[in-house]
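# Give me a 3D structure for the following:
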Amino acid sequence: MAKQLFGTDGIRGVAGEYPLDAATVDAFGAALGADLHARAPDASVLIGMDTRESGPWIAAQVAAGLAREHVPAIFAGVITTPGIAWLTRSDSFTAGVMISASHNPYGDNGLKVFGHSGFKLPDDEEHAIEQEIMRRASDAAGQPLTLAPDAALADRYLDYLAGTVHGSFGGMRILLDCGNGAAFEIGPALFRRLGADVTAICDRPNGRNINLDCGSLHVESLRAAVLEKGADLGVAFDGDADRAIFVGRSGRVFDGDAVLLIAARALQALGKLDGGLVVATVMSNLGLERALERDGISLLRTPVGDKYVLEEMVRAGAVLGGEQSGHVIFRQFATTGDGLLTALRILEIARNAGAGLEELTAGLEIYPQRLENVRVRERRALHELAAVAHEIEECQRAFGSSGRVLVRFSGTEPLARVMVEGPDAARVDEFTGRIAAAIQKEIGA
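Presented below is the predicted three-dimensional model:
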C-alpha cells in the first residue's frame, strides 16, 4: 500500500494545514514515540529546525506527542538537517526529527525523521508510523511543550566538521549565501575557524525570508558578489543546508553534477574511489556520465531522492554519490547530503590542486536539459495515458542514445515532472513542451 503522508523527503506541506496542522503534528509525535518506545524503552528524540516562523510551534507539538508516549525530546534549536543526522548517530538518541521544508518558501514546512544510524527511516517503518498517525489523527492536540534549545549540540557538530579538514583555508576568499536558513550562523563560523576570508550574505533570517530570492535556487546575488569581490568561489546553501551550489571565480555556476565530477576525480587520484564508481539519480546530466566514463569511472543511477542514492551507495559499496540539485553524500563522513561538508571538501580539493572550479571540471560538457512541472489532479501510470506515452516514444526515437527523457511524479507535490535532455536545445524544448502539453490535457489540475 502506497504511503500517503511520507514522500521522498519526509512529510511536507503548508504549516498549519493538514498534514502539518497541530493535531496531525501531535499525532506524528505520538506515533513516532510509540514506535520507538516499543523498540527501546529508554528511547529519546533529538529535534531541530530551520529558521521558518512555524518551526518553534511544530517542534513544541512534536515534543508533546512524544511525551504522551513517555519519550523525552531534546531540542537543538536552529541547526542543519545533516547536523541532526550526525548528532543522532554520534550520540545516544534513538531518532532525530528535523523540522524543515528544505528549499521551499517559508509558508511550507516538513518533518524529516532519522534513525539512530543517521539514515532516514526505511519505507516500511515510515508506513507503519503513518498508519498510526492516521489512527490517532482524530484526537485533539495536546498542550505544546516549552522547549529550550541546547546550543552545545550545534557547537559539537561544528567541531566535527572542522575536524574533517587537514590544514587551513588561509588566504582563500569565499562568499557564503546562507539562504537566510539553518546555516546562517554555523556556516560563516565554520569557514572563519578554518582561516578563510569569509563574506556572508543572506544571513539575517526573520522567519519569512528563508530561500527568498537567495540560496541554492537563486544564485544571482551570490554570482554578482563573487565577481565584485574577486572571490575564489561562492557557495549557496538551501534552507536546511543539506545541499550546496557553487559559483567559480569566473561567475560560472557549478551544480551537484560538477561537484560529483570534481570529487570523483580527486578521490580516484588518491586511490580512494572504492569500486571506481559514483552514484547519482536519473536527473544527473548525460554530460556527467560521459565525463566520468572518459576517466574510467562508472555512474550508477537511482530514482530521485538522496535517500535512494544512499541506499544504492550502501548496496554497491560506493563512497560518493549525490544529486544534480546539490545534495552530495561523502559516505566516509556522513549519512546524508550535507552542504557544509560538501563545501569543505570542494575547498580542500581546490586548495590542494591550486586550481579553480573551472579547471577542476575540465572536459565536462553539459547537454541541454529542460525540466517542466505540470500540476496534476491525479497520478496514473504513464502507459495508461496514450497521448503522453506516444510523445515520450517520439522523443526517445528522435534522440536515441544521444539523449534522455524522464517523466515522473513528484514525491512531495502534486506535480508531474518532465525532463528532456539532448544535443539540440531547440529539439529539447520542443519535446518537453509536447510531453507537458499531453500531460496537461489528460490529467492536468
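
# Which parts of the stretch 51-200 of the chain are helices?
Here the stretch 51-200 of the chain has its helices, by DSSP state H, counting those that start in this stretch, at 55-68, 81-90, 123-136, 151-163, 186-193.

# Turn the ones you listed into a markdown table, including mean neighbour count and distance to residue 38.
Where you see a C-beta, it was placed from the backbone N, CA and C, and this is true even at glycine. Formatted as a markdown table, those follow (neighbours: other Cβ atoms under 10 Å; distance: least, Cβ to Cβ, whole Å):
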| stretch | mean neighbour count | distance to residue 38 |
| --- | --- | --- |
| helix 55-68 | 23 | 14 |
| helix 81-90 | 26 | 18 |
| helix 123-136 | 17 | 10 |
| helix 151-163 | 16 | 26 |
| helix 186-193 | 20 | 34 |
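
# Could you tell me the least trusted of the ones you listed?
Least confident of those, judged by mean pLDDT, is helix 123-136 with a mean of 91.

# Please work out the angle formed by the directions of it and helix 55-68.
Angle, helix 123-136 to helix 55-68, by axes from the mean of the first three to the mean of the last three Cα atoms, to 10 degrees: 90 degrees.

# List of residues touching helix 123-136?
Residues outside helix 123-136 that contact it (Cβ atoms under 8 Å, 6 or more residues apart in numbering): 1, 3-6, 19, 24, 27-28, 30-32, 34-35, 113, 115, 121.

# Apply 10 Å and report the result again.
In this structure, residues lying in contact with helix 123-136 by Cβ atoms under 10 Å, 6 or more residues apart in numbering are 1-7, 10-11, 19, 23-36, 39, 65, 68, 113, 115, 120-122, 307, 311.

# ok so, going back, out of the helices of the stretch 51-200 of the chain, which comes closest to residue 345?
Distance to residue 345, taken as Cβ to Cβ, is lowest for helix 151-163 among these, at 10.6 Å.

# Now do that closest one: which elements does it pack against?
Contacts defined by 3 or more Cβ pairs under 10 Å, 6 or more residues apart in numbering; DSSP states H and E place helix 151-163 against strand 45-49, strand 73-78, helix 81-90, helix 186-193, helix 339-353.

# could these go into TSV alongside distance to residue 330?
Output for the helices and strands packed on helix 151-163, formatted as TSV (distance: least, Cβ to Cβ, whole Å):
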stretch	distance to residue 330
strand 45-49	21
strand 73-78	22
helix 81-90	11
helix 186-193	16
helix 339-353	6
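
# which regions of the protein sit below the pLDDT cut-off?
Along the chain, the parts satisfying pLDDT under 70 run over 1-2.

# ok now whichever strand or helix holds residue 394, how far from the chain's centre?
Residue 394 belongs to helix 386-399 when assigned by DSSP states H and E. Remark: helix 386-399 is offset 31 Å from the chain centroid, using Cα atoms, centre = their mean, to the nearest Å.

# before we move on, what about stretch 195-204?
Chain-centre distance of stretch 195-204: 22 Å, with Cα atoms, centre = their mean.

# May I have the beta-bridge partners of residue 302?
residue 281 (DSSP bridges).
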